[in-house]
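Participant: A predicted structure for the sequence below; I have some questions about it.
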Amino acid sequence: MPLNEELLSKFTQNEKGDLYFEDKLIVKRDIIAPGPISNPRVLSDTGTTMTITWDPSVSEDVEFYYVMMANREPVKTTVNQATLTDLRPFGEYEIGIVAVDGSDNLSETKWFYGMTGEAPVPPILDNADIQWGYDGYILDIWFLNFIGATSIDLYINDEFETTLPKGRTSYSIRGATRPNVYNIKAVAKNDYGVANPMLTTIVL
């Protein structure tokens, strides 16, 4: 059936996409942006994976959401939750969330900062190497697990000996004698807490 050119000529469209018939509006294109989401927050994280959620847009015509981070493809989701992967441990990310309706109108982007977890309490110092010094009267203690700690409190025979600062992983007991017994306790600390102590008994 051939097209009715005369009838078609009575349809017009403006730059917004509104459709008219004989100059009467019959279809108005939706150009109203949906309302933004609210209350974005981190639901859970594993250090390298972060699951976020938010309160949905109040607009009823939202079809999906975009979750955006710098230098990454947006994550598209039809629910108010998304999981972001391949993150760096203990990192901070600026995350944007936008609602999209059926006419491809975008809401205002809601930005927030998400963390992949706080720095952990330092590990238990369960690995120490005890050696005699060169002159036979110095006992050298080398801590082999110092990750995450900003200091180590060292106790010898239940008496506080010293605090080793970050970056220092050894200590020498001068005047050590044989035969003798030394009870060594080392406690790793950082801004987030205190690890369980390492306890070592040295029998010389």
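Facilitator: Great, that's in hand.

Participant: what does stretch 40-54 rub up against?
Facilitator: Here stretch 40-54 makes contact (Cβ atoms under 8 Å, 6 or more residues apart in numbering) with 37-39, 67, 80-90, 93, 95, 97, 110, 112, 114-117. Any C-beta I mention is one placed from the backbone N, CA and C, and that applies to glycine too.

Participant: pull out the buried members of the residues you listed.
Facilitator: 37, 67, 80, 82, 84, 87, 93, 95, 97, 110, 114, 116-117 (16 or more other Cβ atoms under 10 Å).

Participant: low-confidence bits of this structure, can you list those?
Facilitator: For the chain, the stretches with pLDDT under 70 are 1-8, 10-11, 14-21, 25-30, 118-138, 143-148, 167-169, 191-192, 204.

Participant: how about the helices in it?
Facilitator: Counting by DSSP state H, the chain has these helices, from start to end: 5-8.

Participant: which ones among the buried ones among the contacts of stretch 40-54 are found in strands?
Facilitator: 67, 82, 84, 93, 95, 97, 110, 114 (DSSP state E).

Participant: pick out the most distant pair among those residues.
Facilitator: The span of those, defined through Cβ to Cβ, is set by 84 and 110 at 15.6 Å.

Participant: backbone dihedrals for the closest residue to residue 108 other than its chain neighbours, please?
Facilitator: In this structure, residue 108 finds its nearest non-sequential neighbour in residue 36, 4.3 Å apart by Cβ to Cβ, 6 or more residues apart in numbering. Per-residue torsions, residue 36: phi -70, psi 160 (degrees, to the nearest 10).

Participant: ok, residue 36 to residue 110 distance?
Facilitator: Distance of residue 36 to residue 110, computed by Cβ to Cβ, to the nearest Å: 5 Å.

Participant: who are the contact partners of the residue nearest the centre of the chain?
Facilitator: In the chain, the centroid-proximal residue (Cα atoms, centre = their mean) is residue 116; its distance is 1.6 Å. Residues in contact with residue 116 (Cβ under 8 Å, 6+ apart) are 45-50, 87-93.

Participant: kindly report the same for residue 60.
Facilitator: Contacts for residue 60 (Cβ under 8 Å, 6+ apart) come out as none.

Participant: how about it, phi and psi?
Facilitator: When read as degrees, to the nearest 10, the backbone of residue 60 gives phi -80, psi -10.

Participant: what sits against the closest residue to residue 189 other than its chain neighbours?
Facilitator: Spatial nearest neighbour of residue 189, excluding adjacent residues (Cβ to Cβ, 6+ apart): residue 151 at 5.3 Å. Under the criterion of Cβ under 8 Å, 6+ apart, the neighbours of residue 151 are 163-166, 188-190.
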